[in-house]
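[1] From the sequence below, what's the structure:
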Amino acid sequence: MLGGSGIARCLQAQPHILVGERQRLQLVSQPPIPLTGALVGDPHQVLAHPTRALFLVSDRQPPSLYIFSGEGRLLRRVGFRGEGPGEFVAPPQITVWGDTLLLRGGLRNRVAAYRISDGSLLRDPFLPSLPAALQHWLLYRQQLILYWATRRRPALVEVFDLNAQQFTHALSLPVLTEAHETLLGYYASGGLTLLGDSLVLATLADTPTIYYLDLRTGEQGVWRNLEDAAFQVRPPPDLEELLRQGRWKAYREQWVGYLTTNSRTRGLFVLQDRYLVVQLEHGQGQEKRWLRLLVIDPATRQEIDRITFPLALRQQYNLHYSSFATARGACLYLKRFLEEQDRWALWPWCLEAVPSGGPP
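    Reported below is the predicted structural model:
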C-alpha cells in the first residue's frame with residue numbers, strides 16, 4: 001500500500017531546475033506521480049494521452065496494459081494475457097487517438113482496437129497483422145503512421161488509410177543506412193510526432209535530420225538538419241561483412257562499441273504546440289553518456305535552447321539508462337522507481353521560460 005510518509009516526502013521535495021545553455025528555457029522537476037492500484041513490474045511503454053489526463057502503461061512482466069488517471073490512480077486494465085480475442089502474448093505496443101486505443105501484441109502481431117473510456121474491446125483483429133517490426137507508430141484520425149524497424153518495407157515511414165485499407169503516403173526521403181538499421185534495434189531510437197497536420201520524423205544517426213510529411217497533401221521534405229558538433233558519428237563498421245565471414249566475436253565487439261559511442265535520437269516531442277523537443281543521447285560508454293534536449297521553435301524552425309540532463313542527477317535517482325518516455329502539455333515524463341514505496345512513478349519535468357531575473 002502507498003504510505004502517507006512517502007507521499008509527504010514527494011510533495012516536500014525541492015524541485016530540480018536545469019537551465020538551458022542560452023539561458024532562455026529551463027526544465028523544472030515536479031513531484032513524482034506514483035502509479036497506484038496495480039503493481040507494475042517493468043514498464044515497457046508509457047504513453048500520455050494527447051488530450052485527456054490519462055497515462056497508458058504497458059508492462060513487460062507479465063505482459064499487461066493499464067490505464068491510469070493523471071494523478072496516477074488505476075482506472076482500468078485493458079485486455080489480458082492469452083491467445084484469444086482481446087488478449088496478447090507479448091508486451092503490448094500501443095497508440096491512441098480520441099477514444100480509440102490500438103494494441104499490437106497478439107498472435108502473429110495482429111492489432112486489436114479498444115474503447116479507452118471503458119476498456120471494452122471494439123474489434124480483434126482490427127488489422128490481421130502488420131508485416132514487419134515497428135519502431136514507432138501513431139494513430140491520427142483514420143490514418144495509421146508506421147515507422148518501420150527493418151529494411152523489409154519500401155520506405156522507413158508509411159501511412160495506412162484505415163478506411164481504404166491501403167497505404168497512401170510514404171516518407172521516402174530518409175535513407176535507411178547500415179547505421180540506421182543497426183540503431184533501429186536499440187529500443188526507442190529515432191523520433192516520430194505530429195505537428196498540426198504534418199508528420200515530423202527524426203532520423204537516428206549519420207547525418208541526423210528532421211523530415212516532414214503533410215498528411216493532407218503528401219508533400220514532404222527536409223524540416224531541419226540537427227547541426228550539433230557533439231552529434232557527429234564515425235563511419236559505421238562493416239557489420240555485414242563480419243557476419244558473412246562468421247567473425248562473431250569481432251561483430252559483437254564492434255556492434256556494442258558502435259551503440260555506446262554514437263549519438264542517438266531518443267525521442268521527439270511537441271510541448272504546448274510551441275516547442276519541438278529533440279532528445280539526443282551520446283557518450284563514450286555508459287559512464288560518460290549524456291542526455292541533451294534541443295528545443296526548436298516550430299514556426300521558425302530555429303533552435304531556441306538546449307538543455308543537458310546531467311549524468312550525476314540520473315545516477316542519483318537510478319535513471320542511468322532512462323530517457324524521457326512521453327510528454328503532454330508543458331511536461332516531459334521520466335519513469336522512476338520509488339524504492340520507499342516499492343512502486344513505479346512518472347516524474348514530470350516541465351519546460352518554462354527562465355525568469356527575467358535569471359535562474360534561482
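
[2] Point out where the protein drops to low pLDDT.
    The chain contains residues with pLDDT under 70 at 1-13, 150-152, 175-188, 204-208, 227-237, 239, 255-263, 283-289, 321, 357-360.

[3] In it, what residue spans correspond to helices?
    4-12, 178-184, 239-244, 248-261, 311-316 (DSSP state H).

[4] for the last one, the distance to its chain's centre please.
    Just to be clear, that refers to helix 311-316. 21 Å (CA atoms, centre = their mean, to the nearest Å).

[5] for that helix, which positions count as buried?
    For helix 311-316, the neighbour count (16 or more other CB atoms under 10 Å) marks 311, 314 as buried. To be clear about C-beta, it is placed using only N, CA and C from the backbone, and glycine gets the same treatment.

[6] Without its sequence neighbours, what residue ends up closest to residue 338?
    In this structure, residue 338 finds its nearest non-sequential neighbour in residue 345, 5.1 Å apart by CB to CB, 6 or more residues apart in numbering.

[7] now residue 215
    Spatially, and ignoring its direct neighbours in sequence, residue 215 is nearest to residue 197 (5.4 Å; CB to CB, 6+ apart).

[8] my read: that neighbour touches residue 214, true?
    Yes. Taking contacts as CB atoms under 8 Å, residue 197 lies within contact range of residue 214: 6.5 Å.

[9] what's near enough to touch residue 333?
    46, 48, 324, 325, 326, 327, 346, 347, 348, 349 (CB atoms under 8 Å, 6 or more residues apart in numbering).

[10] closest to residue 89 among the residues you listed?
    Residue 89 lies nearest to residue 46 out of the contacts of residue 333, by CB to CB, at 20.8 Å.

[11] Residue 252 versus the residue of the chain positioned farthest from its centre, what's the distance?
    Distance from the C-alpha centroid of the chain peaks at residue 245, with 35.6 Å (CA atoms, centre = their mean). Between residue 245 and residue 252 the computed distance is 13 Å (CB to CB, to the nearest Å).

[12] what's the answer for residue 161, then?
    42 Å.

[13] Then residue 163?
    46 Å.

[14] Neighbour count: the two, which is higher?
    The residue with more neighbours, out of residue 163 and residue 252, is residue 252; 12 against 8, by other CB atoms under 10 Å.

[15] how near is the more buried one to residue 46?
    The spacing between residue 252 and residue 46, counted by CB to CB, is 30 Å.

[16] max-length strand in the chain?
    Longest strand in the chain, counting residues (DSSP state E): strand 343-353.

[17] Contacts for stretch 146-163, please.
    So stretch 146-163 is in contact with 130-137, 142-145, 166-172, 174, 176, 180-181, 184-185, 190, 192, 199, 201, 213, 215, going by CB under 8 Å, 6+ apart.

[18] and if we set it to 7 Å?
    130-137, 142-145, 167-172, 174, 176, 181, 184, 190, 192, 201, 215 (CB atoms under 7 Å, 6 or more residues apart in numbering).

[19] And it, what's buried?
    For stretch 146-163, burial by neighbour count (16+ other CB under 10 Å) applies to 146, 147, 148, 149, 153, 155, 156, 157, 158, 159, 160, 162.

[20] Quick one: end-to-end distance for it.
    Distance between the boundary residues of stretch 146-163 (CA to CA, to the nearest Å) amounts to 16 Å.

[21] distance between it and the chain's centre?
    Mean C-alpha position of stretch 146-163 versus that of the full chain (CA atoms, centre = their mean) differs by 17 Å.

[22] Tell me how far the nearest residue to residue 114 once chain neighbours are set aside lies from residue 24.
    Once flanking residues are discounted, residue 114 sits nearest to residue 101: 4.5 Å by CB to CB, 6+ apart. Separation of residue 101 from residue 24 (CB to CB): 37 Å.

[23] Tell me which of those two has more neighbours.
    In terms of neighbours (other CB under 10 Å), residue 101 is the more surrounded of residue 101 and residue 24; the figures are 26 against 13.

[24] The more buried one: what's it in contact with?
    When contacts are counted by CB under 7 Å, 6+ apart, residue 101 touches 78, 94, 114, 116.

[25] That one bridge partners, please.
    Beta-bridge partners recorded for residue 101 (DSSP bridges): residue 96, residue 114.

[26] Residue 222 now?
    Bridge pairing for residue 222 - DSSP bridges - gives residue 211.

[27] Residues in a beta bridge with the nearest residue to residue 308 once chain neighbours are set aside, which ones?
    Leaving out its chain neighbours, the residue that sits closest to residue 308 by CB to CB, 6+ apart is residue 292, at 5.0 Å. For residue 292, the beta-bridge partners under DSSP bridges are residue 280, residue 308.

[28] mind checking how far residue 292 is from residue 299?
    22 Å.

[29] These two: which is more packed in?
    For residue 292 versus residue 299, neighbours defined as other CB under 10 Å are more numerous around residue 292 (19 against 7).

[30] residues in contact with the more buried one?
    By CB under 7 Å, 6+ apart, the residues touching residue 292 are 280, 306, 308.

[31] What is the neighbour count of the last one?
    By other CB under 10 Å, 17 other residues sit near residue 308.
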